[in-house]
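Undergrad: sequence first, then the predicted structure:
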Amino acid sequence: MSMSTLGWRLMLLVVAAKALTNPTPNAHERRKRQVDTSDVTDAELLCGLLSSLNGAPCKDNAPSGPNSPVEANCKCAPVWQCKDDRGPTDLVTDTGNFLTQVNVRSSLGCPTPEEVCCINIDPNLQPKTPPFSPSCGKRNIKGVVTNFVGFQELQSQFGEFPWMAAVMTVEKFGAINAPLYICGGSLIHSQVVLTAAHYVHEKRTAREVAVRLGEWNFKEQSESVPHQDYLVKEILVHPNYVPSLLAYDVALLILDQPAKLGHTVDTICLPPPFYDFKDHLCVVSGWGKDMFSETGKFQQILKSIDLPAVSRASCELAMRGTRLGPGFHLHESFMCAGGEKGKDACEGDGGSPLACHKPGDPNKYYQAGVVSWGIGCGQEGVPGVYADVSKAVPWIEKVIAEKF
């Protein structure tokens, strides 16, 4: 299926209203990791609409803005097609593969980080891609095809988290079928995405839901490896899910066809059942807000936030020190991570994966959690709360065995 970037713009019109529904006990205290419309301008919305109608991005190919290159006759082009001095610089990775290294500060003024202002352009040049073999939980920490230098803190490299998924609803706006982003997810099987149940349990039909894999910069479509879109043919919610408590807040989305696995689309490993990730170093990814406030911005480029997993006892104690009060009890289906000021999943990150190092293999990751809820975002000493994937593994494995 083919879906335009109109979805990322228009999704905020629908989802913001939904973010205020489905209250739970202490709903004014517990904040589901939802989305709102605070950072979308009328100009951005119009741009997305024109893009969908015209079939092309509404942007000029020439750089603009205060930091734009001023060299005459240069045009923005993918860095691997530039034969100037500002073109590709090869970086050899630990595995012997080559990446094109780009300093994002040298590409200021161009629409995407992968572009530079170039005079000598060869449109026939293609990015270098190393051989691929499927392997769950492989994090491309230096990126895929391109390694960016000079990024802002907490931004990921392109293809760094190949298991990351964007879950969307398919809504009709006149003659346009628009995919509206609702939450994150993770690819755990070539045809199965894991996400948070509270986003999908009330969907009327599976065909209302779609999944995008291999996405990185939601604002652009010029990435060196295109994303993949799939319809969902079946939604399976954990049998013990309790909406009022968000207990067992996990669901499986069965795709209409297997994903095409590659460097930017691959699976994450499931943990052993009932595994305790206490004190493991983990990372959460998503396109949610960078802070919990009116000034917080949804991220165009996928975030990467390192977090430690926190013991249940420590998490429960921390939560009792918040507005939840001394009687708060953390349900057995949850786990926690974080607690460092300014580093947390936030609004818009719901359903996204918390990935932790696989014991004995620092280059592999298990999915430990699914972003579920929290008290604000990034408060000192207050961890975020995640659905504990290890508690759901017996059910997940049973479903996969029956379906495939």
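TA: Received, thanks. Computed from a prediction, not measured in an experiment: that's the story for all the values here.
Undergrad: got any ranges where this structure has weak pLDDT?
TA: Across the chain, the ranges flagged by pLDDT under 70 are 1-72, 85-109, 113, 128-130, 148-153, 204, 222, 290-296.
Undergrad: domain-wise, how is it divided?
TA: Domain segmentation of the chain under the TED database yields 73-128, 164-267+395-403, 280-390.
Undergrad: out of these, nearest to C136?
TA: domain 164-267+395-403 (4.4 Å; C-beta to C-beta). C-beta: built from backbone N, CA, C; applies to glycine.
Undergrad: and that closest one, end to end?
TA: 22 Å (C-alpha to C-alpha, to the nearest Å).
Undergrad: count the neighbours of E380 for me.
TA: By other C-beta atoms under 10 Å, 8 other residues sit near E380.
Undergrad: ignore what I typed, I meant L252.
TA: Neighbours of L252 using other C-beta under 10 Å come to 25.
Undergrad: middle-most residue in the protein, spatially?
TA: Residue closest to the mean C-alpha point of the chain, counted by C-alpha atoms, centre = their mean, is G286 at 3.2 Å.
Undergrad: pull up the gap between that residue and G184, please.
TA: 5 Å (C-beta to C-beta, to the nearest Å).
Undergrad: run through the bridge partners of the residue nearest to the centre of the chain.
TA: K303 (DSSP bridges).
Undergrad: mutual contacts of G286 and G184, please.
TA: M164, D349, S352, V371 (C-beta atoms under 8 Å, 6 or more residues apart in numbering).
Undergrad: would you mind writing the CA trace of the strand or helix carrying the last one as PDB?
TA: I take that to be V371. According to DSSP states H and E, V371 maps onto strand 361-374. This file holds the C-alpha atoms of strand 361-374, laid out as PDB (Å, rounded to 0.1, in the frame of the first residue of the first chain):
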ATOM      1  CA  ASP A 361      26.100 -10.200  24.100                       C
ATOM      2  CA  PRO A 362      26.400  -6.300  24.300                       C
ATOM      3  CA  ASN A 363      25.600  -6.100  20.600                       C
ATOM      4  CA  LYS A 364      22.200  -7.800  21.000                       C
ATOM      5  CA  TYR A 365      19.000  -6.400  22.600                       C
ATOM      6  CA  TYR A 366      16.000  -7.900  24.200                       C
ATOM      7  CA  GLN A 367      12.700  -6.000  24.400                       C
ATOM      8  CA  ALA A 368      12.100  -5.500  28.100                       C
ATOM      9  CA  GLY A 369       9.100  -3.200  28.000                       C
ATOM     10  CA  VAL A 370       6.400  -1.400  26.100                       C
ATOM     11  CA  VAL A 371       5.900   2.300  26.900                       C
ATOM     12  CA  SER A 372       2.700   2.500  28.900                       C
ATOM     13  CA  TRP A 373       2.300   5.500  31.300                       C
ATOM     14  CA  GLY A 374       4.100   7.800  33.600                       C
END
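Undergrad: buried stuff in it?
TA: Buried residues in strand 361-374, counted by 16 or more other C-beta atoms under 10 Å: K364, Y365, Y366, Q367, A368, G369, V370, V371, S372, W373, G374.
Undergrad: what helices and strands are in contact with that strand?
TA: Applying 3 or more C-beta pairs under 8 Å, 6 or more residues apart in numbering; DSSP states H and E, we find strand 361-374 packed against strand 31-32, strand 176-189, strand 192-195, strand 281-286, strand 334-337, strand 353-358, strand 384-388, helix 389-403.
Undergrad: so P273 sits against V389, correct?
TA: No. Counting by C-beta atoms under 8 Å, P273 stays clear of V389, with 9.8 Å between them.
Undergrad: looking at the two, which one has more neighbours?
TA: Ranked by neighbour count (other C-beta under 10 Å), P273 and V389 place V389 first, with 28 against 14.
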